[in-house]
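Visitor: show me how the following folds:
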Amino acid sequence: MTMYQRKRIQLIKEAIDKKNAAADADVDSLLERFIASKWTAAISIAVLSAAALFAVFALWNLF
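Guide: Purely as a prediction, here's the structure:
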């Protein structure tokens, strides 16, 4: 492997790391806003209710 290839690989690796860090920051920000939202409990209850309803419906159709 030549020195040019090593430098090129290092630059690519740094670019990928930078993009991953930016994506992680965006996800963390979104998660913090979701947790701080007054609708978090309502959304969680709705999702859990829908999952329970789906499970009951699926089990009902099995028998």
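Visitor: contacts only, for the most centrally placed residue in the chain.
Guide: Centroid check for the chain by Cα atoms, centre = their mean gives Val27 as the closest residue, at 6.7 Å. With contacts defined as Cβ atoms under 8 Å, 6 or more residues apart in numbering, Val27 has no neighbours. In this view, the C-beta of every residue, glycine as well, is placed from N, C-alpha and C.
Visitor: that one: which element?
Guide: helix 3-36 (DSSP states H and E).
Visitor: same question for Ala50.
Guide: Per DSSP H and E: helix 40-62 holds Ala50.
Visitor: relative to helix 3-36, how tilted is that helix?
Guide: Helix 40-62 runs at 90 degrees relative to helix 3-36, counting by axes from the mean of the first three to the mean of the last three Cα atoms, to 10 degrees.
Visitor: distance from the chain centre to helix 40-62, please.
Guide: From the chain centre to the centre of helix 40-62 is a distance of 21 Å (Cα atoms, centre = their mean, to the nearest Å).
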